[in-house]
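Novice: sequence first, then the predicted structure, then my questions.
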Amino acid sequence: MSAPKDDFIDPDDVGVNVSGEPSIGELIERRLNRRDALRGFAGLGAVAALGNPFSVSTAEAQAAGPSSLTFKELAHTLDATQHVSEGYDMQVLIRWGDPILAGAPAFDPAELTAAAQEKQFGYNNDYLGLYPVPAGSGSGDRFLMVANHEYTNPNLMFAGLGSGRDAALKASKEQVAIEMASVGGAVIEIARDGSGWKVVPDSKFARRITATTAMEFSGPAAGHDKLKTSADPAGTKVFGTFGNCAGGSTPWGTWLTCEENFNFYFGGDPAKLADAELAKRYGVGRAANAWSRHVDRFDFDKEPNEPNRFGWVVEIDPYDPTSTPIKRTALGRFKHEGCTYALAKDGRVVFYSGDDERFEYVYRFVTSRPWNPNDRAANKNLLDDGTLSVARFNADGKVEWLPLVQGQGPLTAENGFATQGDVLVKTRLAADLLKPTPMDRPEDIETNPVNGRVYVVLTNNGLRKADQVDRANPRAVNDHGHILEIAPKDGDHASAEGTWSIFLLAGKPGQDAGARYHRATSDNGWLSCPDNIAFDSKGRIWIVTDGAPSAAGVADGVYGADTTGFGRALTRCFYQAPTGAEVCGPIFTPDDSTLFLAIQHPGEDRGSTFEKPSTRWPDFKDNTPPRPSVIAITRKGGGTIGS
């Protein structure tokens, strides 16, 4: 997912992983170079069941349709506004600065204050989640919507800062306070009537989570020495969350918000870092904004352990605005991109998460006991006890889950892991010792509710070297990303192994080396930099992108495809975002009648400023900057999205 981008820091290159294990690029090339790859991986047991997404002939595709998605495909576009397939309506549901709490003022870009922002919808909305109102209701016309607010664009929020990295570093103390109040997350109540979706004003459920919200640590790392600060000598309390990218939910109805690029918020003298190895592995050392200049706890010279208090999964009860958010340390500390669940056959809950940086890993957490569907309170601390594992993708199509358990294998006191808390605070370092597979920026990971398979979204990796590929997969610089598909052994998500295959390799066919989809994919159907995904009730995949090639006149957008049948991996363009924007958080209502999207950082183009943004979407008013927003897409006249 996106992070503050500028001319000096690439947010995906700051962490350091020196693993010598084969990367996912090398493994893909080995598999595609095998004769059985041309035969649908026949003879590889469960892998054969995944099928070969590139094996459908043109004649078969034409005879079959071939896609079950019947919407009119949208042409690739790149301009100041948004576009959707013919026959669909787009509605802006809520924008940055819109009031959500009682007493909140109306948005005024010339009079921004931290106090106002704490009662208004935050900036750069990302992950979206839906929770029925009342809890357990199946009507589908009233929900609590949760939204992550990932980061800020000071150059687009405030006048006079200019553009690029210098804009963020020039923010004043008052502007930093506004930024801190505009990240984190929000809970709003929404309802549907004859004219569409509306935010319920002054809802009793409405809430803002910010960088100053009081939170607690729980699980094995709570109280760890590396979590202790002068303000929290016990290492059990923490203020705030930020870098909240993708997220997830639990079967008992709580919201999981994930801390991703937390390292950019901390500054100081890198030579004085208390634990240089740990800081280097997590990319801590150089601030990308002004927080550390105005708030002591973000200056690691003054609070060397404060960076360790971020990079966690935070559990929040959306139904209780008075509840305390809890950072669940058992799920590990890294740049979490999402935390989505599936149920094991014995009722335990399995959570998948990616570490969103080049050459980082895919993780899984399995609770120690089953969840209780009849007693919500019984699941309160279910995320504090379980097994965290990291994935190794083998060239023969097997995926292994390697447990990150203190005392097992190399995770010993001699190697710096005397307790399970050590393993969790230093998850990246612990994982390195198990030799998992370095991946191409693992972002969203979702389970298809129809076929039970797990889809791993790998956005890109421009650092892949030429000696890691061959002619079967000539992607020495993987600028466009790909999606993997995992089948757990025996259909059990708690199994220690499974099989993997390739769903698609993104890029423009015939132009970008190695791009592979269904061979009936049109000139408008190819995509670049897949980021988040969602599945409709038919099990079709909907892919949203972050980093589409603007030089080719392509905006980030939404693409739909079948996951089985003759239309498998035949991606079709459905929506295109305003210039500079990333599309995030896709989520369908249970009846597939509405697709909600988070449109993040519109106008985030090189040289764009508050005074002269590249777009003023969605208001298009003079002196009003672009505003990150949540939109709702519905079919004209009603019906389901896509068909």
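Specialist: Happy to help now that I have it. Residues are numbered from 1 along each chain as shown.

Novice: between the two ends of stretch 609-624, what distance do you get?
Specialist: Stretch 609-624 has its terminal residues 11 Å apart, counting by Cα to Cα, to the nearest Å.

Novice: just the buried positions in that stretch, please.
Specialist: Buried positions in stretch 609-624, judged by neighbour count with 16 or more other Cβ atoms under 10 Å: T609, F610, P613, S614, T615, R616, W617, P618, T624. Glycine gets a C-beta too; all of them are placed from N, C-alpha and C.

Novice: separation between the last one and P602?
Specialist: For T624, the distance to P602 under the criterion Cβ to Cβ, to the nearest Å works out to 12 Å.

Novice: report the central residue of the chain.
Specialist: A246 (3.0 Å; Cα atoms, centre = their mean).

Novice: for that one, what is the enclosing helix or strand?
Specialist: Using DSSP states H and E, A246 maps to strand 244-249.

Novice: with P449 instead?
Specialist: Assigned by DSSP H and E, P449 falls within no helix or strand.

Novice: can you give me every residue that contacts it?
Specialist: P449 sits next to F535, S537, G539 when contact means Cβ atoms under 8 Å, 6 or more residues apart in numbering.

Novice: residue ranges for the strands of the stretch 201-350 of the chain, please.
Specialist: 207-209, 214-218, 237-239, 244-249, 255-259, 313-316, 326-328, 336-343, 349-355 (DSSP state E, counting those that start in this stretch).

Novice: please apply the same query to the stretch 1-150 of the chain.
Specialist: Counting by DSSP E, counting those that start in this stretch, the strands of the stretch 1-150 of the chain are 83-84, 88-95, 125-132, 142-149.

Novice: deepest in the core, which of those is it.
Specialist: Of these, the one with the most neighbours on average (mean count of other Cβ atoms under 10 Å) is strand 142-149, at a mean of 26.

Novice: which strands and helices sit next to it?
Specialist: Applying 3 or more Cβ pairs under 8 Å, 6 or more residues apart in numbering; DSSP states H and E, one finds that strand 142-149 makes contact with strand 125-132, strand 184-193, strand 244-249, strand 255-259.

Novice: so N461 bridges to which residues?
Specialist: N478 (DSSP bridges).

Novice: ok, it touching D356?
Specialist: No - the criterion here is Cβ atoms under 8 Å, and N461 misses it with D356 at 11.4 Å.

Novice: what residues are shared contacts of these two?
Specialist: By Cβ under 8 Å, 6+ apart, N461 and D356 have these common neighbours: R441.

Novice: of these two, who's got more company?
Specialist: D356 (30 against 25; other Cβ atoms under 10 Å).

Novice: and the more buried one, what does it touch?
Specialist: Contacts of D356 (Cβ under 8 Å, 6+ apart): M1, D12, C245, E260, N261, K335, H336, E337, R441, P442, E443, T459.

Novice: tell me the least confident of those?
Specialist: Minimum pLDDT across those is recorded for D12, with 51.

Novice: where does the stretch 51-200 of the chain dip in pLDDT?
Specialist: Applying pLDDT under 70 to the stretch 51-200 of the chain flags residues 51-65.

Novice: in it, which spans are helices?
Specialist: Here the stretch 51-200 of the chain has its helices, by DSSP state H, counting those that start in this stretch, at 58-64, 114-117, 154-157, 165-169, 173-182.

Novice: which of those sits most buried?
Specialist: With neighbours defined as mean count of other Cβ under 10 Å, the helices of the stretch 51-200 of the chain peak in mean count at helix 154-157, which reaches a mean of 27.

Novice: what does it contact?
Specialist: 109, 112, 123, 161-164, 167-168, 170-171, 175, 178-179, 182, 289-290, 601, 603-604, 608-610, 613, 625-626.

Novice: kindly recompute the last result at 7 Å.
Specialist: Contacts to helix 154-157, defined as Cβ atoms under 7 Å, 6 or more residues apart in numbering, come from residues 161-163, 167-168, 171, 175, 179, 603, 608-610, 613, 625-626.

Novice: out of those, flag the one nearest to L597.
Specialist: Of all those, L597 sits closest to P626, with 15.6 Å by Cβ to Cβ.

Novice: give the contact list for the closest one.
Specialist: L156, P602, G603, P613, T615, R616, W617.

Novice: ok, of the residues you listed, which one's closest to D346?
Specialist: When these are compared against D346 (criterion: Cβ to Cβ), the nearest one is P602, at 45.3 Å.

Novice: partner strands of the strand holding A246 and their direction?
Specialist: strand 255-259 (antiparallel).

Novice: dump the partner strand to CSV, keeping only the CA atoms.
Specialist: Taking C-alpha atoms only, strand 255-259 is exported to CSV below (Å, rounded to 0.1, in the frame of the first residue of the first chain):
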residue,chain,number,x,y,z
TRP,A,255,-12.0,-4.7,13.6
LEU,A,256,-8.3,-5.4,13.0
THR,A,257,-6.3,-2.4,11.9
CYS,A,258,-2.7,-2.9,10.8
GLU,A,259,0.3,-0.7,11.3
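
Novice: just give me the neighbour total for K398.
Specialist: Neighbours of K398 under the rule other Cβ under 10 Å: 17.

Novice: just among the contacts of P449, which is most surrounded?
Specialist: F535 (19 neighbours).

Novice: and it, how far is that from A577?
Specialist: Per Cβ to Cβ, F535 is found 21 Å from A577.

Novice: kindly report the same for P220.
Specialist: Distance, P220 to A577, by Cβ to Cβ: 41 Å.

Novice: which of these two has more neighbours?
Specialist: A577 (30 against 19).

Novice: pretty sure the more buried one is touching D556, no?
Specialist: Yes - counting by Cβ atoms under 7 Å, D556 is a contact partner of A577 at 4.9 Å.

Novice: okay, and the common contacts of the two?
Specialist: Common neighbours of A577 and D556 (Cβ under 7 Å, 6+ apart) are V583.

Novice: might you list the low-confidence residue ranges for the stretch 401-550 of the chain?
Specialist: Residues of the stretch 401-550 of the chain that meet the cut-off, pLDDT under 70, sit at 464-476.

Novice: could you redo the last one with a cut-off of 80?
Specialist: 463-476 (pLDDT under 80).

Novice: gap between the closest residue to H336 other than its chain neighbours and C339?
Specialist: Spatially, and ignoring its direct neighbours in sequence, H336 is nearest to C258 (3.6 Å; Cβ to Cβ, 6 or more residues apart in numbering). According to Cβ to Cβ, C258 stands 5 Å off from C339.

Novice: for Y151, see how far away the closest residue to L169 other than its chain neighbours is.
Specialist: Spatial nearest neighbour of L169, excluding adjacent residues (Cβ to Cβ, 6+ apart): A290 at 5.3 Å. Distance of A290 to Y151, computed by Cβ to Cβ: 13 Å.

Novice: between the two, point out the one with more neighbours.
Specialist: A count of neighbours by other Cβ under 10 Å puts Y151 above the other of A290 and Y151, at 29 against 22.

Novice: surely the more buried one meets M180?
Specialist: No - in this structure Y151 lies outside contact range of M180 using Cβ under 7 Å: 11.2 Å.
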